[in-house]
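Peer 1: sequence isn't available, so here's the structure alone:
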């Protein structure tokens, strides 16, 4: 894989970044991805500050390569977490779910690279103006929290690449080497892969969750809760209850009661497949077996080169 | 652009097919696309049998190159239309919205190539078993009628290509040369382009419709009427009324009353932008100016070659 602006700015060999996914992206997944030459992310979204610090320390012990933290900006103890990230000189922070102007200057002053995650061209332009180093543009097919516009990766990436000068990382629906080539063709200089790494051996998700997702049939996930964060999840019992409530015109309050609290932990980490919220992307249907991060890198690179040769 | 199984089976120079779109795809658009080396389709969905026959006759007079008819199989006078297509030896038929086993044998006996449009891997396998020559796999980002699974082009194409041996044409979200390369990277051997040709000078849609679609902001279309055919349309007044009714849990009967009849004709052909149903794909946001079919082919080919070189 060619070096480009993304490999240069992140200091990595291969423009492949793992998603910072709640209950999946701990130090083990992050350091494994970084050791393979990509950029591994620790997902702060599901960690208390002290847990995050522990994962950062362990990740640094496991790899000397650059790694990052994904930080959703609705994080309750945001200041504390920012201090931890700066104290440990985490090389890169991916910010999401908030205003990119909020933390970018502070991280940049500390010598930390900042990448902001967006789901629209409008927010990409805003992130560039806030001074971030790169953008993740994430399409509708991605798992978990998603944009309101429902723009797919195929349409979003060319639009974002046309609108900003900084390099763009494509996310949403990307799991295979062919899809990496497709993302590069659309103008991206890197890819963020969530689902495939969420289902890897090094992911901290439960085996129950991983097996359920690997067995998904096409159409097995759906974007729902459209006024409550837009979440793509497996169509399990919890989903069906949410969908039925939406169909009968339930209020936000009723929906909140059905969704309840800590359902992602229950589903992804604890493996409760009926009551938990099983956040995963559409491309789970392309993944059939348990793989190590190293296997995934090898497979992607092999297919990437085969596809380029074919084209 | 390289020749491949799609150019061979359809007898064309370039693996670019125009969508057979209601109120857009008349003989003028179809013959222009075929004259440029692609495969132009006449959209039978919005034509009475005698109108379709007229368009077929005119298209044959305008080009000696192969062209096709797109035939949604819920067409009321299906038998009559099949006879017209066979009588005039239309080289290719694209069937959609129905069982591919229904008409494929009859067309094949008449020496007509058959391509079937699907939105899922399951239906792709079914179409292959019915003996069609190729498949169009259409993703969630496409305009107009769409699949229930909401699988995007980025995820659908690799899944379908893995499941069938016959060649696959990618559709949904494809308007530019970069997107054609992306589709080919995903395993497609051809592309079907709807939106960009719907907004071309040769499309029979109204200028009002074309201008409205070219001015669309990101997120300006939405897939709605999920239990009534799944239709992607512009978020105009009609859409907002439909969405509000769905939000309050309206019944199918109420929705049918709001949608009413002939709303696609009203919007696309007659240019009523508030009351009409403006069916168009997400990639309308990538199209800004009025272009001829020839301009579109030149632009796509130039970008296609640039992107291949860059990769």
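Peer 2: Ah, there it is. Computed from a predicted structure; not experimentally measured. Residues are numbered from 1 along each chain as shown, chains lettered A, B, ... in the order given.

Peer 1: let me see the ranges of the helices in the stretch 51-200 of chain A.
Peer 2: Listed in chain order, the helices of the stretch 51-200 of chain A (DSSP state H, counting those that start in this stretch) span A:78-87, A:104-109, A:121-129, A:153-163, A:177-185, A:195-198.

Peer 1: and the first one, average pLDDT?
Peer 2: Per-residue pLDDT over helix A:78-87 has a mean of 97.

Peer 1: other SSEs contacting it?
Peer 2: helix A:49-62, strand A:67-72, helix A:104-109 (3 or more Cβ pairs under 8 Å, 6 or more residues apart in numbering or on different chains; DSSP states H and E). Backbone N, C-alpha and C define where each C-beta goes, glycine included.

Peer 1: for residue A:288, give me its contacts.
Peer 2: Residue A:288 is in contact with residue A:214, counting by Cβ atoms under 8 Å, 6 or more residues apart in numbering or on different chains.

Peer 1: rewinding a little: quick one: which of the helices and strands packed on helix A:78-87 is nearest chain B?
Peer 2: strand A:67-72 (21.6 Å; Cβ to the nearest Cβ).

Peer 1: about what we covered before: out of the helices and strands packed on helix A:78-87, deepest packed?
Peer 2: Mean neighbour count (mean count of other Cβ atoms under 10 Å in any protein chain shown) peaks for strand A:67-72 among the helices and strands packed on helix A:78-87, with a mean of 26.

Peer 1: what angle do that one and helix A:78-87 make?
Peer 2: Inter-element angle recorded for strand A:67-72 and helix A:78-87: 170 degrees (by axes from the mean of the first three to the mean of the last three Cα atoms, to 10 degrees).

Peer 1: reformat the helices and strands packed on helix A:78-87 as CSV; add distance to chain B and mean pLDDT.
Peer 2: Supplementary listing: the helices and strands packed on helix A:78-87 in CSV, determined by distance: least, Cβ to the nearest Cβ, whole Å; pLDDT from 0 to 100:
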stretch, distance to chain B, mean pLDDT
helix A:49-62, 30, 98
strand A:67-72, 22, 97
helix A:104-109, 23, 98
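
Peer 1: and the helix or strand residue A:309 falls within with helix A:177-185, angle?
Peer 2: Residue A:309 belongs to helix A:293-310 when assigned by DSSP states H and E. Put simply, helix A:293-310 runs at 60 degrees to helix A:177-185, going by the same axes, to 10 degrees.

Peer 1: contacts for helix A:293-310?
Peer 2: When contacts are defined by Cβ under 8 Å, 6+ apart, helix A:293-310 is touched by residues A:1, A:14, A:16, A:29, A:32-33, A:35-38, A:176-178, A:180-181, A:193, A:196-197, A:200-202, A:291, B:185, B:311.

Peer 1: okay, residue A:237: pLDDT?
Peer 2: You'll see residue A:237 listed with a pLDDT of 98.

Peer 1: which residues does it contact?
Peer 2: A:274, A:275.

Peer 1: the closest residue in space to residue A:239 that isn't next to it in sequence pairs with what?
Peer 2: Leaving aside its chain neighbours, residue A:239 sits nearest to residue A:233 (5.6 Å; criterion: Cβ to Cβ, 6 or more residues apart in numbering or on different chains). Beta-bridge partners recorded for residue A:233 (DSSP bridges): residue A:222, residue A:279.

Peer 1: farthest residue from the center of chain A?
Peer 2: No residue in chain A sits farther from the centre than residue A:248, which is 32.1 Å out by Cα atoms, centre = their mean.

Peer 1: is it in contact with residue B:249, as I believe?
Peer 2: Yes: counting by Cβ atoms under 8 Å, residue A:248 touches residue B:249, with 4.9 Å between them.

Peer 1: joint contacts of the two?
Peer 2: Joint contacts of residue A:248 and residue B:249 (Cβ under 8 Å, 6+ apart) do not exist.

Peer 1: buried ones in the least confident helix or strand in chain A by mean pLDDT, by neighbour count?
Peer 2: Here the helix or strand of chain A ranked lowest by mean pLDDT, DSSP states H and E is helix A:252-259, holding a mean of 92. By 16 or more other Cβ atoms under 10 Å in any protein chain shown, the buried positions in helix A:252-259 come out as A:255, A:259.

Peer 1: show residues contacting that helix.
Peer 2: A:225, A:227, A:228, A:238, A:241, A:242, A:245, A:246, A:250, A:277.

Peer 1: for the residues you listed, give me a markdown table that also has distance to residue A:157.
Peer 2: Below are the contacts of helix A:252-259 laid out as a markdown table (distance: Cβ to Cβ, whole Å):
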| residue | distance to residue A:157 |
| --- | --- |
| A:225 | 25 |
| A:227 | 26 |
| A:228 | 27 |
| A:238 | 31 |
| A:241 | 34 |
| A:242 | 30 |
| A:245 | 34 |
| A:246 | 30 |
| A:250 | 35 |
| A:277 | 28 |
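
Peer 1: any chance of a ChimeraX selection covering the buried ones in those residues?
Peer 2: To isolate the buried members of the contacts of helix A:252-259 in ChimeraX, using 16+ other Cβ under 10 Å:
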select /A:225,238,242,245,246,250,277
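
Peer 1: which one of the contacts of helix A:252-259 sits closest to residue B:212?
Peer 2: Comparing the contacts of helix A:252-259 against residue B:212 with Cβ to Cβ picks out residue A:227 as the nearest, at 26.4 Å.

Peer 1: how about the closest one: what's its closest non-neighbour residue?
Peer 2: Residue A:227's closest residue in space is residue A:252 (Cβ to Cβ, 6+ apart), at 6.6 Å.

Peer 1: the one you found and chain B, how far apart?
Peer 2: 11 Å (Cβ to the nearest Cβ, to the nearest Å).

Peer 1: contacting residues for the closest residue to residue A:122 other than its chain neighbours?
Peer 2: Using Cβ to Cβ, 6+ apart and skipping the chain neighbours, the partner closest in space to residue A:122 is residue B:218 (6.9 Å). Residue B:218 is in contact with A:120, A:121, A:122, A:149, A:151, A:156, A:159, B:285, counting by Cβ under 8 Å, 6+ apart.

Peer 1: quick one: which of these is most hemmed in?
Peer 2: residue A:156 (32 neighbours; other Cβ atoms under 10 Å in any protein chain shown).

Peer 1: returning to that earlier point: now flag whichever of the contacts of residue B:218 is closest to residue B:64.
Peer 2: residue B:285 (36.1 Å).

Peer 1: settle this for me: that closest one is touching residue B:215, isn't it.
Peer 2: No: between residue B:285 and residue B:215 there is no contact, the gap being 9.4 Å when judged by Cβ under 8 Å.
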